[in-house]
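fold the following and give me the result.
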Amino acid sequence: MSRPTMLALRALIRLSPTEPQEDVRGFLQGLVTQDTLLVAPQAPQYAGLLSAQGKTMFDFLLWDDGTDVLIDCAREAAGDLAKRLGIYRLRRKISIAPEEAMAVHWSPDAVEGAVPDPRLAALGWRWLAPAGGDSSEHSADDAWLAHRLTLGVPEGAAEIGDILWLETNAVELNGVSFSKGCYVGQENTARMNWRQKVNRRIVVLPLAEANEKRQKTAYPALGLSVEHRRTEDLDPGRLPAWLQAAQA
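Below is the predicted model:
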């Protein structure tokens, strides 16, 4: 039997223009942390939607679908994210709706038609496909969680919610553009980058080394803890290779 690939704990939101002159990417450009002009066929992008203070509200991947953009996000956050985008939509002629006909798939190995995760190539391969086939009882979510955390990559509200975007390692994971112009939370994010002042970071540590005061969430079955630690307390040599340079 083939290995399951569907991520049942992920959902898709479709943003579509309802009039020919409307521009979905232009709408998102003033909201999210990544340059939406980079979202192209076979080139999804990682991004966040922040509070005005620059703290993480939602993180997601943006996929190209012609004039539409598909947002690949945590299923538990999809409803709130769609509502938040609806608040910003105002009078723009854009539809924001769940995309239930498609599903997010993942594999640690190369798959025809899939693309490397834009955050980190070692995270594996990702693609969108018609819903159906894999069921939630036979999904790849557990394998994805273990793979992602082993690499020290955080995601989702439980791990990075309400944390300053740069403290989630967004620069190292290709989740922010410093050249695209303004977006919600841009001022504090740009100031932190200009001053090179990232004093805390989200890191994945062995559960035996957990500090409950710094812990965001724990995964006892994996023996891992996701924590918001001061950079001065981190040993660069014990961090994943992709984060070591930032901490050195």
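
show me the contact partners of the top helix by length along the chain.
Criterion DSSP state H: the longest helix present in the chain is helix 75-89. Residues outside helix 75-89 that contact it (Cβ atoms under 8 Å, 6 or more residues apart in numbering) are 8-13, 15, 27, 31, 49, 57-58, 60, 71, 73, 96-98, 156-157, 184. To be clear about C-beta, it is placed using only N, CA and C from the backbone, and glycine gets the same treatment.

Gln244 - how many residues pack around it?
15 (other Cβ atoms under 10 Å).

wait, it touches Gly237, no?
Yes - contact criterion Cβ atoms under 8 Å: Gln244 and Gly237 qualify, at 7.4 Å.

quick one: the lengthiest strand in the chain to helix 75-89, angle?
Secondary structure of the chain per DSSP state E: the longest strand is strand 56-65. For strand 56-65 against helix 75-89, the angle by axes from the mean of the first three to the mean of the last three Cα atoms, to 10 degrees is 90 degrees.

ok now strand 56-65, how far from the chain's centre?
6 Å (Cα atoms, centre = their mean, to the nearest Å).

what mean pLDDT does it get?
Per-residue pLDDT values over strand 56-65 give a mean of 98.

restricting to C-alpha, output that strand in PDB.
Extracted C-alpha coordinates of strand 56-65, given in PDB (Å, rounded to 0.1, in the frame of the first residue of the first chain):
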ATOM      1  CA  THR A  56       2.100  36.600  14.200                       C
ATOM      2  CA  MET A  57      -1.600  36.100  13.700                       C
ATOM      3  CA  PHE A  58      -1.500  33.500  10.900                       C
ATOM      4  CA  ASP A  59       1.200  31.800   8.900                       C
ATOM      5  CA  PHE A  60       0.600  30.100   5.500                       C
ATOM      6  CA  LEU A  61       1.800  29.200   2.000                       C
ATOM      7  CA  LEU A  62       0.500  31.100  -1.000                       C
ATOM      8  CA  TRP A  63      -0.100  29.100  -4.200                       C
ATOM      9  CA  ASP A  64      -0.700  30.400  -7.700                       C
ATOM     10  CA  ASP A  65      -3.800  29.400  -9.600                       C
END
